[in-house]
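**Student:** quick one, what's the 3D model for this:
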Amino acid sequence: MTDKGPGRNTILASQLRNDSGEDMQTEAEGQSKEYWSSSISQVTDRKVYVRGYDLEDLIGQIPFTAAIFLLIRGRVPTPQEVRVLDAVLSGVLDYALEKPGTVAARYAVSANPSMAIGMSAACMSVGKHTLATEDTGRFILNSHTEYLNSGLALEDFAAAKVESMRQAKERIPGLGHPVFKTIDPRGERLKLIAVSEGLWGEPACVYEAVHKAFTKLPGKSEIPINDVGVMAAILLGLGFTPEEGTGIAVLSTLPGVIAHVSEELTSGKPIRVVPREWAAYDQTTNRNFEADRVKAGWTNSAASETV
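**Tutor:** Residues are numbered from 1 along each chain as shown. Predicted structure coming up:
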């Protein structure tokens, strides 16, 4: 029997009912009646299709990095794109116990020994201050558009952009690192690979120009574009959206998270806490509750009425 391709097992919006059993009309007239629509993958009784390709044809024929690109972007990548994306996926990997997500993961599994729990805790620690590339990605896209519309030379635009942000007390995302000064070696390596493969685009060059103008400010000369900033620029050049960039950045750290969670699960140290000697508690321990209760207006009769 030959496979007849993807089936259509859908839920109609008109089949949804409210608590009283009445039909709920959730689709505007003329719109699709399908509850969900997706072009990512489809499943039949005999086959799994990924972006329209038979999964069996993909297995063993493309590397995992190419499969990631195919799933997210919807097309087969070039070898150059795979090399650059593969470099990005290896650009962070792990940062010892100096990454909040790693520490969160190990604390979590010390109480709830589960790989999935640890990975979830690490993912939930990604955001504006660590690993997420989307703010930088949006800044790069917007800056590039502003440059194209400005009619200025790149150096002049960058200087004006930095001055405008300085006046507004706005922060340029993707800059600075607590350890690396002037150059983040991981970001520099990633850029070299992207340039060699012809995937360091004009938006990335505009971002570099803004950074260069920023470093001319007093006290800013040693602040580099960090690894997240470079990753954001490269991922845009590969065609990923800022939001997709954050997802890929998270994916790049998950092998390290798995290693840390596995190590924690075998450490034999359940329920990790912050040791008392590592913490400072600024509240006193000898407050007079009875006096403060009366001062706040409580009486014995008022207290008894609330019980």
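
**Student:** need the helices for the chain, in chain order.
**Tutor:** In the chain, the helices defined using DSSP state H lie at 55-58, 64-73, 79-89, 100-111, 115-124, 134-150, 154-167, 185-196, 202-214, 227-237, 242-265, 289-295, 300-305.

**Student:** run a quick neighbour tally on residue 103.
**Tutor:** Residues contacting residue 103 under the criterion other Cβ atoms under 10 Å number 17. (Each C-beta comes from the backbone N, C-alpha and C, glycine too.)

**Student:** quick check, central residue of the chain?
**Tutor:** In the chain, the residue lying closest to the centroid (Cα atoms, centre = their mean) is residue 246, at 3.0 Å.

**Student:** got a list of what that one touches?
**Tutor:** 126, 131, 132, 133, 134 (Cβ atoms under 8 Å, 6 or more residues apart in numbering).

**Student:** got it, and residue 117?
**Tutor:** 108, 109.

**Student:** same check on residue 121?
**Tutor:** Residue 121 touches 101, 104, 105, 107, 108, 109, counting by Cβ under 8 Å, 6+ apart.

**Student:** run the last query once more with 10 Å
**Tutor:** Applying Cβ atoms under 10 Å, 6 or more residues apart in numbering, one finds that residue 121 lies in contact with 100-109, 112, 257, 261.

**Student:** need the contact list for residue 198.
**Tutor:** Neighbours of residue 198 in contact, by Cβ under 10 Å, 6+ apart: 78, 80, 81, 84, 237.

**Student:** quick revisit: which among the contacts of residue 246 gets closest to residue 61?
**Tutor:** Nearest to residue 61 among those: residue 133, at 29.4 Å, using Cβ to Cβ.

**Student:** isn't the closest one up against residue 248?
**Tutor:** Yes - here residue 133 reaches residue 248: they are 7.9 Å apart, a contact under Cβ atoms under 10 Å.

**Student:** looking at these two, which is more packed in?
**Tutor:** Taking neighbours as other Cβ under 10 Å, residue 133 and residue 248 compare with residue 133 leading, 32 against 20.

**Student:** how near is that one to residue 181?
**Tutor:** From residue 133 across to residue 181, the span is 22 Å (Cβ to Cβ, to the nearest Å).

**Student:** what of residue 86?
**Tutor:** 28 Å.

**Student:** between the two, who's got more neighbours?
**Tutor:** residue 86 (17 against 12).

**Student:** confidence score at that one?
**Tutor:** pLDDT, the model's per-residue confidence, is 98 for residue 86.

**Student:** what count of nearby residues applies to the residue nearest to residue 95 when sequence neighbours are not counted?
**Tutor:** Take residue 95 and drop its neighbours on the chain: the residue closest to it by Cβ to Cβ, 6 or more residues apart in numbering is residue 102, 7.1 Å away. Residue 102 is flanked by 24 other residues according to other Cβ under 10 Å.

**Student:** and residue 102, what is it in contact with?
**Tutor:** So residue 102 contacts 94-96, 118, 121-122, 125, 253, 256-257, 259-261, 264 (Cβ under 10 Å, 6+ apart).

**Student:** name only those of the residues you listed that count as buried.
**Tutor:** Among those, those buried by neighbour count (16 or more other Cβ atoms under 10 Å) are 95, 118, 121, 122, 125, 253, 256, 257, 260, 261, 264.
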